[in-house]
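In: Predicted model and sequence below, questions to follow.
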Amino acid sequence: MKQFFRLKEHGTTVGTEIMAGVITFMTMAYALAVNPSVLSTCGMDSEAVMLATCLASFIGSLCMGLMANLPFALSAGMGANAFFAYTVCGTMGYSWRIALFAVFCEGLIFILLTLTNIREAIFNCIPMPLKQSVSVGIGVYIAFIGLQNSHLVVKSDNTLVALVDFPSTIHTKGICAILAIIGLLLTAILHIKKVHGAILIGIFSTWVLGIICELTGIYKPNGTDFLSLIPNFKFTDFSSLGKTFGQCFRFDFAGVSVFDFIVIMFSFLFVDMFDTIGTLIGVSSKADMLDEEGKLPAVKPALLADAIATTSGSILGTSTTTTFVESASGVGAGGRTGLTAVTAAVLFLLSTLLAPVFVAIPSFATAPALIFVGFLMFSNIAKVKFDDEHLTDTIPAYLGIIAMPLFFSIADGIAVGVISYVVLNLASGKAKKINPLMYVLAVLFILNYALL
């Protein structure tokens, strides 16, 4: 393993990489519960979707680790699955089999774009200041996800978001938020004291405290939003996978608008492409994996691994499989090579047997990890130059940073950064510094908002 993953060259160890892989998996395990819940609303079998999610995550993460030697794990994208279930199958009224076929076609296009170096060119054309800002934006974005998962931040009719009302929700949201705060402070203290595995200890400690609260009646599961924190050991019905496997090729095209299908396919393609590129840029920047020109040496096999995962995932029976921003948690714990991704892949495979255990990990237990990793990624803000000479770089960087959490989309954050970068540099007479491909991206982003 040391030789294959070049651990010494990357300044890491087997133990560090395995721990980073476990942490990455832990922060992503919620997908095993959430994805079946979302896709089952459009008629898909939830256990089949869970198995498909596990297997697609295994394939994608394994390819990432072995082909690209990068510490990024993949699973079913949360934004894409909502578009799949609520828009394509819900609002537009198409069957889930047609939606799966659209994901399959998107994956094939992804593979072609990767093999022809188009995706790599897009990655490389983005200027370094924007790449540094993507890392910061993703840090704020995943911290915001963590705050929501902890139930510390809740919806509000007046201000959109607000602090949870502790007294009235003390047995559900309130106690979850309190435990997440304790887990966050514990993680921070251990990190300050340079304790190895601080993030993983924080996750397990928060979960154990939650179980104690459930046993003592402080935390009360309601059977819907707040489930039992105690694992339910049962055997997985592997035969259920047949209810989704290969179903992307078994549908009737009658009544399907060709134009609508193309729009659906390119919507999946657009979001997946820039979510993946944004994640690779942001996490790689934080881990100092980018070279002096802002390029990621192994970007082509990384993008290919993502494309393979999407294609295979659609055949297995799940929505778009993409590189997860939660991979930042493993990088924050020291993961630097593909061994981190392979470790996460093995755990995804094992989760087909132990899914009830992994699904029992509550989101509020992994929330401290996301919030703290957000802090680690936010440190890249120091690399962005805020003097008057670089305003055409820093203003787009700032806009991209705030857009990611507020629009709740990495892709939209990149779009805002790219469009504003092109406009401001053109208006300031600095057209020479703009890569020609940036003009193309800016136009495509604008057309996406106007047409899709």
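Out: Sure thing, it's come through.

In: Distance check, L100 against F144.
Out: Using C-beta to C-beta, to the nearest Å, one gets 30 Å for the distance from L100 to F144. (Each C-beta comes from the backbone N, C-alpha and C, glycine too.)

In: Count the residues that sit near the nearest residue to L100 once chain neighbours are set aside.
Out: Spatial nearest neighbour of L100, chain neighbours left out: C248 (3.7 Å); criterion: C-beta to C-beta, 6 or more residues apart in numbering. Residues near C248, counting by other C-beta atoms under 10 Å, number 23.

In: related to what we said a few turns ago, of L100 and F144, give the one with the bigger neighbour count.
Out: For the pair L100 and F144, the greater number of neighbours falls to L100 (29 against 19), based on other C-beta under 10 Å.

In: pretty sure the more buried one contacts G246?
Out: No: taking contacts as C-beta atoms under 8 Å, L100 lies outside contact range of G246: 9.5 Å.

In: Make sure I have this right: A162 is in a strand.
Out: Yes: under DSSP: H, G, I helix; E, B strand; the rest coil, A162 sits within a strand.

In: OK, contacts around it?
Out: With contact taken as C-beta atoms under 8 Å, 6 or more residues apart in numbering, A162 is in contact with 153-156.

In: Those in strands, which ones?
Out: 153-156 (DSSP state E).

In: Kindly reformat the residues you listed as JSON lines containing pLDDT.
Out: JSON lines is the format used below for the ones in strands among the contacts of A162 (pLDDT from 0 to 100):
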{"residue": "V153", "pLDDT": "95"}
{"residue": "V154", "pLDDT": "94"}
{"residue": "K155", "pLDDT": "92"}
{"residue": "S156", "pLDDT": "90"}
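
In: ChimeraX command for the buried members of those?
Out: The buried residues among the ones in strands among the contacts of A162 can be selected in ChimeraX (16 or more other C-beta atoms under 10 Å) with this line:
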select :153
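
In: hang on, the residue nearest to L100 is in a strand, isn't it?
Out: No: the assignment for C248, made by three-state DSSP, is helix rather than a strand.

In: What does the pLDDT read for A431?
Out: Note on A431: pLDDT of 91.

In: surely it meets N425?
Out: Yes: between A431 and N425 there is a contact at 6.5 Å, judged by C-beta under 8 Å.

In: quick one, what contacts A328?
Out: 138-139, 142, 282-283, 286, 373, 376-377.

In: If we use 6 Å, what do you get?
Out: Under the criterion of C-beta atoms under 6 Å, 6 or more residues apart in numbering, the neighbours of A328 are 283, 373, 377.

In: Output these in CSV; the columns should cover distance to F259, neighbour count and pLDDT.
Out: CSV is the format used below for those (distance: C-beta to C-beta, whole Å; neighbours: other C-beta atoms under 10 Å; pLDDT from 0 to 100):
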residue, distance to F259, neighbour count, pLDDT
V283, 36, 31, 81
V373, 41, 30, 80
M377, 40, 28, 77
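
In: of all the residues you listed, which comes closest to G93?
Out: Nearest to G93, judged by C-beta to C-beta, of the contacts of A328 is V283 at 37.3 Å.

In: what helix or strand is the closest one on?
Out: helix 258-286 (DSSP states H and E).

In: For that helix, name the packing helices and strands.
Out: Packing partners of helix 258-286 (3 or more C-beta pairs under 6 Å, 6 or more residues apart in numbering; DSSP states H and E): helix 96-115, helix 128-149, strand 321-323, helix 327-332, helix 410-427.

In: Looking at those, which is nearest to A48?
Out: It's helix 96-115; of those, that one is closest to A48 (C-beta to C-beta) at 11.1 Å.

In: From the rest of the structure, what touches the closest one?
Out: The contact list for helix 96-115, computed with C-beta under 6 Å, 6+ apart, reads 42-44, 84, 88-89, 119, 247-248, 250-251, 264-265, 268-269, 303-304, 307, 310-311, 314, 319-320.

In: what about 7 Å?
Out: Outside helix 96-115, the residues that touch it by C-beta atoms under 7 Å, 6 or more residues apart in numbering are 42-44, 84, 88-89, 119, 247-248, 250-251, 256, 261, 264-265, 268-269, 272, 300, 303-304, 307, 310-311, 314-315, 317, 319-320.

In: Any of the residues you listed buried? List them.
Out: Buried residues within the contacts of helix 96-115, defined by neighbour count using 16+ other C-beta under 10 Å: 42, 44, 84, 88-89, 119, 247-248, 251, 256, 261, 264-265, 268-269, 272, 300, 303-304, 307, 310-311, 314-315, 317, 319-320.

In: Skipping its backbone neighbours, what lies nearest L296 in space?
Out: In this structure, L296 finds its nearest non-sequential neighbour in S284, 5.0 Å apart by C-beta to C-beta, 6+ apart.

In: Okay, that neighbour and M377: tell me how far apart.
Out: For S284, the distance to M377 - C-beta to C-beta - is 11 Å.

In: now do A188
Out: Counting by C-beta to C-beta, the gap from A188 to M377 is 15 Å.

In: what do you get for I211?
Out: Distance from I211 to M377, by C-beta to C-beta: 30 Å.

In: do the same with S329
Out: From S329 to M377 the distance is 10 Å (C-beta to C-beta).

In: Also T91?
Out: 34 Å.

In: again with T216
Out: From T216 to M377 the distance is 36 Å (C-beta to C-beta).

In: what's the answer for I118, then?
Out: Distance of I118 to M377, given as C-beta to C-beta: 27 Å.
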